[in-house]
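Undergrad: Mind folding the following:
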Amino acid sequence: MRCDTVTVPLRHGLETVDILRLRRACGSVVQGPAGAVAFLVPAGTADRWQLSGTSCTPGAAPLPATDPRWLVPPAGSELTPSLTDPWVLRAALCEAARTLTAGGLGPF
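TA: Prediction:
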């Protein structure tokens, strides 16, 4: 499965995961290098992704299902990583940034 990854700083990513889980819209998520959080999104998202404080990398290959870096691991009988809708992710990232900034943990 080919996909892109949207990467954000740890605190911002964890807040976003919480928001997406509450909405039952969170796909598979990996803890990346230096504590960053990477959301798996459909391939091609990087071609049009623009959101300050984030980066989108094309052509990422998902980790094996048993890798301990999964924050939200692949599920289902085939343990296939699920993807987060990029526009739902964008909205959740913006909401998370506002929440963290209001709590004195921003700006983003």
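
Undergrad: mind checking pLDDT for F108?
TA: pLDDT, F108: 55.

Undergrad: How about L63?
TA: On the pLDDT scale, L63 gets 87.

Undergrad: so what's it up against?
TA: L63 makes contact with V30, R69, W70, according to C-beta atoms under 8 Å, 6 or more residues apart in numbering. The way it works is simple: take the backbone N, C-alpha and C, and place the C-beta from them, glycine included.

Undergrad: Give me the buried subset of those.
TA: Buried by 16 or more other C-beta atoms under 10 Å: V30, W70, out of the contacts of L63.

Undergrad: closest to S55 among the contacts of L63?
TA: V30 (13.9 Å; C-beta to C-beta).

Undergrad: wait, doesn't that closest one sit right on P68?
TA: No. Between V30 and P68 there is no contact under C-beta atoms under 8 Å: 10.3 Å.
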